[in-house]
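> Next one to model:
(one chain, ligands or ions: 1)
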Amino acid sequence: MVERIEEIEVEAQAAVEAADSAAELEEVRVRYLGRKAELTGMLRGIADLPPEQRGPVGSTGNKVRKGLEGLIEAKVEALRNAELEQSLAGDRIDVTLPGSPARAVGHLHPITRTRRLIEDVMIGLGYQVMEGPEVEHDYYNFTALNHPEGHPARMLQDTFYVDTDEHVEQVLLRTHTSPMQVRAMESAPPPLFMIVPGKTYRRDSDATHSPMFHQVEGLAVGEGITLADLKGTLLAMLREIFGPDREIRMRPHFFPFTEPSVEFDVSCFRCGGSGSLEDGSRCGLCKGIGWIELGGAGMVDPNVFGFVADSGYDPDSVTGFAFGFGIERIAMLQHNVGDLRLFFDNDLRMLEQFS
Ligand code: PHE
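As a prediction, the model looks like this:
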């Protein structure tokens with residue numbers, strides 16, 4: 001019987017060795033050490049054995065039993081460690097850690113920053129900010145803005161037309177934000193005070209022109225609004241942007257949709273408007289003129305009100321002013337950037353200077 005116990009020991013050791021999961025190991029334990037196991041039965045039956053066999057069977061049996069218990073316990077521990085190791089290796093991504101390598105937080109594009117500055121200033125003056133379509137009807141971009149048939153701005157070489165089968169030369173990329181003057185008046189009765197920042201498109205490309213650029217339109221309509229109000233508004237806006245010492249001037253100009261029309265300039269913030277620097281040399285920013293040209297403006301032409309008379313804009317009772325200028329031009333002046341195209345080349349060495 002002692003021999004049989006030794007056979008069981010060898011068999012059980014091999015089974016423990018072969019088990020490679022906790023479940024399998026438990027099965028082995030039940031098979032060799034459980035209540036119905038052969039060894040357990042032998043130990044339980046010791047009393048029935050002839051006296052001379054009781055000692056050897058009892059001691060061998062108990063020794064084997066203890067040995068197997070220790071072996072199984074050690075194997076359980078080893079399996080548990082291996083499982084942990086495996087799950088750690090497979091679960092290596094810790095989503096709570098920062099990305100690798102950590103990315104610096106970006107910042108707004110300089111054109112966006114300048115646009116927001118202008119918006120803030122104009123909201124402070126009581127204007128609302130509106131947006132409109134970049135793909136526009138000829139009607140809003142030209143016709144309702146009093147551009148006569150055959151106006152040069154309508155020519156193919158100046159304007160990007162969108163080819164649609166039904167509307168040949170009637171749909172285009174807006175060449176200015178002024179079409180929103182008409183759309184805004186169609187959408188709400190006077191008094192109206194609004195600005196429109198947005199993208200505009202022209203077939204131009206050089207250091208100070210890009211086929212896509214940004215404008216801000218301004219429109220104020222009500223009773224008794226005059227050119228003096230226009231001048232005061234532009235002055236307030238430009239002093240916020242370029243400093244409290246700035247002056248402005250308006251020069252006669254022509255736009256089809258304003259009458260009278262002006263171009264407006266701001267006094268040079270480098271030379272203070274004198275045209276020359278402290279050492280007596282000519283100011284490079286304003287080229288010795290003392291003024292920097294910024295945009296166009298004027299009193300809304302009564303013909304334009306005529307297109308929106310049904311929306312409450314009676315040309316005989318309301319007046320208003322409008323202005324428009326390029327955001328890039330303002331940003332170039334703010335940051336002393338010489339080539340407008342640099343804003344859109346997406347060269348980080350350029351853009352990161354504005355962080
Ligand atoms: N839309 C004109 C331009 O792009 C500027 C302008 C706006 C002029 C409003 C007068 C009034 O040149």
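
> going forward, measure contacts and count neighbours with C-alpha atoms only.
Noted.

> What segments of the stretch 1-150 of the chain are strands?
With DSSP state E, counting those that start in this stretch, the ranges of strands along the stretch 1-150 of the chain come out as 128-129, 135-137.

> nearest to the ligand, of those strands?
The closest of these to the ligand is strand 135-137. By Cα to the nearest ligand atom, the value is 14.1 Å.

> same for the closest one, what does it pack against?
strand 171-173 (3 or more Cα pairs under 8 Å, 6 or more residues apart in numbering; DSSP states H and E).

> which of the strands of the stretch 1-150 of the chain is buried the deepest?
strand 135-137 (a mean of 19; mean count of other Cα atoms under 10 Å).

> Dump the strands of the stretch 1-150 of the chain to JSON lines, plus distance to the ligand and mean pLDDT.
Converted to JSON lines, the strands of the stretch 1-150 of the chain look like this (distance: least, Cα to the nearest ligand atom, whole Å; pLDDT from 0 to 100):
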{"stretch": "strand 128-129", "distance to the ligand": "15", "mean pLDDT": "98"}
{"stretch": "strand 135-137", "distance to the ligand": "14", "mean pLDDT": "96"}
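
> In TSV: these, plus distance to His147.
Converted to TSV, the strands of the stretch 1-150 of the chain look like this (distance: least, Cα to Cα, whole Å):
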stretch	distance to His147
strand 128-129	25
strand 135-137	13
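
> In contact with the residue nearest the centre of the chain, which residues?
Nearest residue to the geometric centre of the chain (Cα atoms, centre = their mean): Leu108, 8.5 Å. Residues near Leu108 by Cα atoms under 8 Å, 6 or more residues apart in numbering: Ser355.

> Need phi/psi at it.
phi -70, psi 150 (degrees, to the nearest 10).

> can you give me the helices for the stretch 201-350 of the chain?
Listed in chain order, the helices found in the stretch 201-350 of the chain under DSSP state H, counting those that start in this stretch are 227-242, 302-307, 327-335, 348-351.

> could you give the angle of the helix or strand encompassing Phe193 to helix 327-335?
Per DSSP states H and E: Phe193 is located in strand 192-201. If you take axes from the mean of the first three to the mean of the last three Cα atoms, to 10 degrees, strand 192-201 sits at 90 degrees to helix 327-335.

> for strand 192-201, packing partners?
helix 110-124, strand 128-129, strand 212-222.

> starting at the chain centroid, how far to that strand?
Chain-centre distance of strand 192-201: 21 Å, with Cα atoms, centre = their mean, to the nearest Å.

> Would you mind listing the buried residues in that strand?
Going by neighbour count (16 or more other Cα atoms under 10 Å), the buried part of strand 192-201 is Leu192, Phe193, Met194, Ile195, Val196, Pro197, Gly198, Lys199, Thr200, Tyr201.

> which residues touch the second one?
Contacts for Phe193 were tallied using Cα under 8 Å, 6+ apart; they are Gly126, Tyr127, Gln128, Gly218, Leu219, Ala220, Val221.

> Could you identify the buried members of those residues?
Buried among the contacts of Phe193 (16+ other Cα under 10 Å): Tyr127, Gln128, Gly218, Leu219, Ala220, Val221.

> tell me which parts of the stretch 151-300 of the chain are close to the ligand?
His176, Ser178, Phe255, Thr258, Gly296, Ala297, Gly298 (Cα under 6 Å from any ligand atom).

> low pLDDT regions in the protein?
167-168 (pLDDT under 70).

> Which residue ranges make up each domain of it?
Domain ranges of the chain: 2-90, 110-354, per automatic domain parsing.
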